[in-house]
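# Quick one: sequence plus predicted model below, questions after.
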Amino acid sequence: MAVIEVGREEARELSLRQRWSHYLVIGYVLVMFLIALNMRDSTLYATVPYQDVRAGVRVLYPQNWLLDTSGDYIFRVRDMTSPDFKTTILIQIQPISPVTTARNLLDNLSLSRSQSLSGYRQFPRQEVTLGEDIAATSMAYTFTFSEVDPFLQSVPIPVQGLDIVVIQREQAVIITFQASAERYDELFPYFETFLADLEF
Amino acid sequence: MMNFFRILKPFWQTLNSKRRVVALFTLMLVGIFPVASSYAQESVPTPVDIESSFDLERVKRATVFIMQARATTNAPIITCISSGTLVSRDGLILTNAHSTVPGENCPGDTLIIALNLRDNEPPVPLYRAEVVQANPGLDLALLRITRQNDGRLVDTASLSLPFVELADSDAVRLDSTVTLIGYPGLGNDPISVVRGTINGFIAEPSGGTKSWFKTSTPVPGAFSGGGAYNQDGQLIGIPTTAPIAANSPEANCLILQDTNGDGQSNSADACVAVGGLINSLRPTNFVRPLLRAASLGIQVSIPTMTAAAGQMQTSASGTPRFRRMFFAPAVNEAGMPTTTIRSLPAGSTGLYLFFDYENMTPETVYELRVTIDGVLNPIYGLSPVRWSGGRSGSWYVGTTEQPLPNGVYDFTLFINGVASESQRLLVGQSVSAPTFTDIIFGLEDLQGNVLGNGFVLPVGTTASARFIFRNMENDTPWAAIWYREGNEIIGSRTPDGTVWQDGEQGIKTIRIQSPTGLLPGNYRLDLYIDGRLAATSNFTLAGAQQGSFARIFDNTHFATADTPDEAVNAPPVTSFPTATEAIYALFDWEQIGTGTLWTMQWYIDEDLFYEQTIPWFAPQSGEDFVVQVMGRDTLPDGTYRMELRLNNLLFASQSARIGIGLLPIDRFAVTEGIQMRGTILDAVTNQGIPGATVFIITEDFSAADFTRDWQQDQIFDLSVTDSSGFFQIDRLLQPGIQYSIVIVAQGYLPITADAVEFVPDDNPVDIPIYLTRG
């Protein structure tokens, strides 16, 4: 059996210019990918400033979240596109006496929530630091959210929440984050970003 | 279909032809045509044909079933049931007091509220409620939803329940169409709608000529507390009947549960009393003060009224009874009979049955049955209802505005299901008999004129009565007898054998005198002709003399303080700051006899929110009678006025202002408008999208404004779709206003629309909206 080689072409090395062209294309793609990632993050985590001079609070909250300052809180934003529980960030300010501790406040919060929230359960509290040097106490908890309107038929949604209490200048600042338990970890970066930008 | 295009017209006109093609394609994509087809398919099955302006579905949703229950270690025991109606979006429920306020016959401690979630299904228990205002005599109560059925607190501010509006019940006329809505059974039956007409009015001292409406169509006893509506879907009355006590042989009592835990459900168990058929409605104008006080959270109290004094009004030691029944053709402004009659001419339209009562309590059930020529006539009678007249006194039940057919009328009064007294009257017979009419009381001047306000005289040594006489003949025996607190005043009776000497017709004045002075209190004068009661009237002696009038209340003023005791020494105030927690009204009083009925009324911005008539319990004269007015948290801004009355006559009035002196406007207290609801669907799969948010933007902002700022205060109302994609905008949309709509859902392209207008012809608006994945 004979092997016949037909028109075999010799391998040619890339020129320096071609080689750099390839590197540039790859680099360009990488840069564009990074820009796209950045743009995506900028869109997803875009923020809007809000300031309450009377309460002395300045925040950057996620863009396109519904801002409400009409309740018994100074600030509340909700992501109304959430498919289940509407992810919420809330700031309340309460005047306190010199002897009131963060534990007292969290106890009160727990008592009132256990009266109104279904399946309310709190987790151990932790001492945390906000920013570089603000001492705070956090408390995680869960409850089951049910639609208020009795004429709508919604399945109750497990919700996870986190309170952060800071006591300063005879007032307590309570920062609350609540999200669907199923997507809590996925949504928590919004709250971390919010906390990082919070000034009070 | 045409209405739908009318909604889109303003938007369509802003587009050029090319954009119209794009818009048409987009509309097809998002499913507008299915929307249109749904308009064609829409039909609300109802058992009766209701006018289009009557939002029957909304009214049915606002009708609740109420169970009063007693907590036990096991399951709660149902003690009483009734229907009720939501009258505010934050959960105020109007119903009867007899089935909700804890008492001897309804000893429960928990009120369970069941809602009509789906048509043609029994109500579903969802909430618990508390009584916030009640008038046991009028048999009205207002409940507030406070908890979920599992005991969790309800944030009432977040509630947005369907509710109904109260009509002006004084505007109801004979033969008006009425729609009655309630639950016919013990919670096992779906809501029921019954149509009829108003075929009579019943008068009582507590509410004038329209104290009760009579309906042509009787409804089951469990309807009690429900609603009766005019053709505009406004509440005109509350079907009311009080079941007779369960231990009475007349009672209609149903056994629901094994209450004694013996493993059997039998006659040994406690039962739930249900009244008989109802054809009496309590008009809604009686509800307004209670509703105003409940919605504003205002409570009026008399701190000095001891528990014993309070109990004096609501309890009685003896057996309740009626006596001294007689008839009158009319009553005067003080609620007194103009004269007494034994027959009426043909074509008469007014008739009043008067009687005295003793030992009555708000728990006593009374009933009036009327037969004409031996046949029971429901129009002129009164089905069993709670007593609203206090412990003892004089009362009447009257009928007006409807011609009385000729015949022999027999009136029988019942107490707790047992016949008490009867009286007969002939209609169609005109007799020209001697009569005394129109007694009024006062003080005589030197010319013999009787001066004063007619029925309240200052305390002194004399009291005069003036009356008209007709068809009298001289030498006819007649008599006058004066009474104080129901007892004949010794020496007041005309001497035996007194005969008439004043001619055929005219005006006569008689008087009672006491050299030592007449005591303050309640008086009555009976006039007889030939041994027959011809006229009778009551009057009150109270206060010091000021000309011909009585000065009873004085130095009326307002004050602010932390306690009632501090209020006595506080300086008078006429203007209070916003967010005042409590105000006090103080007054001095003179010569008021114990047991004298007096009325205190409170108004805010000229609207009555409190009225109570109680027997006087304080000493005869004194200073600084304290009345406390408190808010749930704080008192709302407004102009407050207190009025003090005796025998319907005003004797003192004082006003004060809180804050700006005007009540804040409740933007949500609107029951007229268009209900918008629908389903958000995936354009590809046709499946409902849960968790989508529908924003209705107020007319001041566009969709672009809203999606730039995402501010809550730009929203008219919003709704989040349920697990099937269904949504409902609870706040009613107003015709002629252009709204913007924004719909968002994660994973889908948002939809926005500006200048959307709704027309009342399509109510409720029910639309499917399709979203495209993006």
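Thanks, I have it.
# Past whichever strand or helix holds residue B:586, which element shows up next along the chain?
Element membership for residue B:586 (DSSP states H and E) is strand B:582-589. Where DSSP H and E defines the elements, the next helix or strand beyond strand B:582-589 is strand B:597-604.
# ok and the strand holding residue B:586 relative to strand B:597-604, angle-wise?
Angle of strand B:582-589 versus strand B:597-604, following axes from the mean of the first three to the mean of the last three C-alpha atoms, to 10 degrees, is 140 degrees.
# contact partners of strand B:582-589?
Outside strand B:582-589, the residues that touch it by C-beta atoms under 8 Å, 6 or more residues apart in numbering or on different chains are B:552-561, B:564, B:567-568, B:570, B:573, B:576, B:618, B:621-631, B:635, B:640, B:642, B:644, B:652, B:654, B:656, B:658. (C-beta placed from N, C-alpha, C; glycine too.)
# That one pairs with which strands, and in what direction?
strand B:553-559 (antiparallel), strand B:622-631 (antiparallel) (DSSP bridges).
# Serialize those to a markdown table and add fields for mean pLDDT.
Shown next, in a markdown table, are these (pLDDT from 0 to 100):
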| stretch | mean pLDDT |
| --- | --- |
| strand B:553-559 | 95 |
| strand B:622-631 | 93 |
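# re the thing from before, which of the contacts of strand B:582-589 are buried, as a ChimeraX select command?
Selection of buried members from those for ChimeraX, criterion 16 or more other C-beta atoms under 10 Å in any protein chain shown:
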select /B:552,553,556,557,558,559,560,561,564,567,573,576,624,625,626,627,628,629,630,631,635,640,642,644,652,654,656,658
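# picking that back up, for the strands paired with strand B:582-589, give me TSV that also has distance to residue B:117.
As requested, the strands paired with strand B:582-589 are exported to TSV (distance: least, C-beta to C-beta, whole Å):
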stretch	distance to residue B:117
strand B:553-559	47
strand B:622-631	34
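# can you pull the pLDDT of residue 9?
Since no chain was named, I'll use chain A. At residue A:9, the model reports a pLDDT of 61.
# my bad, chain B
Confidence score, pLDDT, at residue B:9: 48.
# what helix or strand is residue B:633 on?
Applying DSSP H and E, one finds residue B:633 in no helix or strand.
# And the residue lying closest to residue B:442 once chain neighbours are set aside, which helix or strand is it part of?
Nearest residue to residue B:442 in three dimensions, chain neighbours excluded: residue B:452, at 3.2 Å (C-beta to C-beta, 6 or more residues apart in numbering or on different chains). For residue B:452, the host element (DSSP H and E) is strand B:450-454.
# Dump that strand to PDB, restricted to CA.
Provided in PDB are the C-alpha atoms of strand B:450-454 (Å, rounded to 0.1, in the frame of the first residue of the first chain):
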ATOM      1  CA  VAL B 450     -98.600  81.500  80.100                       C
ATOM      2  CA  LEU B 451     -94.900  82.300  79.300                       C
ATOM      3  CA  GLY B 452     -91.900  80.100  78.900                       C
ATOM      4  CA  ASN B 453     -90.500  77.500  76.600                       C
ATOM      5  CA  GLY B 454     -93.500  75.100  77.100                       C
END
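# Summarise which helices and strands it is packed against.
On a contact count with 3 or more C-beta pairs under 8 Å, 6 or more residues apart in numbering or on different chains; DSSP states H and E, strand B:450-454 meets strand B:435-444, strand B:462-470, strand B:549-551.
# Same list (the ones you listed) but as TSV, adding mean neighbour count, mean pLDDT and distance to residue B:96.
Shown next, in TSV, are the helices and strands packed on strand B:450-454 (neighbours: other C-beta atoms under 10 Å in any protein chain shown; pLDDT from 0 to 100; distance: least, C-beta to C-beta, whole Å):
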stretch	mean neighbour count	mean pLDDT	distance to residue B:96
strand B:435-444	21	92	37
strand B:462-470	20	93	41
strand B:549-551	21	91	38
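# so which of the ones you listed gets nearest residue B:375?
Among those, strand B:435-444 comes nearest to residue B:375, with 30.3 Å by C-beta to C-beta.
# so what does the closest one touch, helix or strand wise?
Against strand B:435-444 (3+ C-beta pairs under 8 Å, 6+ apart) you get strand B:450-454, strand B:456-457, strand B:462-470, strand B:521-529, strand B:532-541.
# Return the distance of stretch B:624-643 from the chain's centre.
Centre-to-centre, stretch B:624-643 and its host chain are 22 Å apart (C-alpha atoms, centre = their mean, to the nearest Å).
# Could you work out the end-to-end span of that stretch for me?
16 Å (C-alpha to C-alpha, to the nearest Å).
# Quick one: name the residues of chain A near chain B.
A:64-70, A:80-84, A:86, A:115-118, A:147-155 (C-beta under 8 Å from any C-beta of the partner chain).
# could you flag which of the residues you listed are buried?
Among the residues of chain A next to chain B, the ones that count as buried by 16+ other C-beta under 10 Å are A:64-69, A:80-84, A:86, A:117, A:147, A:149-152, A:154.
# on that earlier part again, mind listing the strands the strand holding residue B:452 pairs with, and their directions?
strand B:435-444 (antiparallel).
# Show me how far the strand it pairs with is from its chain's centre.
Going by C-alpha atoms, centre = their mean, where strand B:435-444 is centred and where its chain is centred differ by 34 Å.
# That strand vs strand B:521-529, what angle?
Using the same axes, to 10 degrees: strand B:435-444 against strand B:521-529 is 140 degrees.
# Spell out the secondary structure type for the most centrally placed residue in chain B.
Centroid-nearest residue in chain B: residue B:287, 2.5 Å away (criterion: C-alpha atoms, centre = their mean). What DSSP: H, G, I helix; E, B strand; the rest coil gives for residue B:287 is helix.
# do the same with the one 5 residues further on
Here residue B:292 takes the helix state, with states given by three-state DSSP.
# Over to residue B:217?
Criterion first, three-state DSSP; result for residue B:217: strand.
# Surely it touches residue B:196?
Yes: under the criterion of C-beta atoms under 8 Å, residue B:217 makes contact with residue B:196 at 3.2 Å.
# Neighbours of the residue of the stretch 451-600 of chain B found nearest chain A, how many?
The minimum distance from the stretch 451-600 of chain B to chain A, using C-beta to the nearest C-beta, falls at residue B:579 (14.8 Å). For residue B:579, the neighbour count with other C-beta atoms under 10 Å in any protein chain shown is 13.
# Nearest residue to it in space, please, no chain neighbours.
residue B:634 (4.3 Å).
# Quick check: pLDDT value at residue 108.
Chain wasn't specified; assuming chain A. 90.
# think we crossed wires, I meant chain B
90.
# list the contacts for it?
B:68, B:69, B:70, B:77, B:78, B:79, B:80, B:102.
# Please repeat the previous calculation with a cut-off of 10 Å.
Residue B:108 sits next to B:67-71, B:76-80, B:99-102 when contact means C-beta atoms under 10 Å, 6 or more residues apart in numbering or on different chains.
# Among those residues, find me the one that's closest to residue B:467.
residue B:101 (43.0 Å).
# for chain A, what spans make up the helices?
Using DSSP state H, the helices found in chain A span residues A:16-44, A:102-116, A:184-197.
# how distant is stretch B:86-100 from the center of its chain?
With C-alpha atoms, centre = their mean, you get 11 Å for stretch B:86-100.
# tell me the average confidence for it?
93.
# Likewise for stretch B:500-514?
For stretch B:500-514, the per-residue pLDDT averages 93.
# tell me which residues in it are buried?
Here stretch B:500-514 shows B:500, B:508, B:512 as buried, counting by 16+ other C-beta under 10 Å.
# I am finished for the moment; much appreciated.
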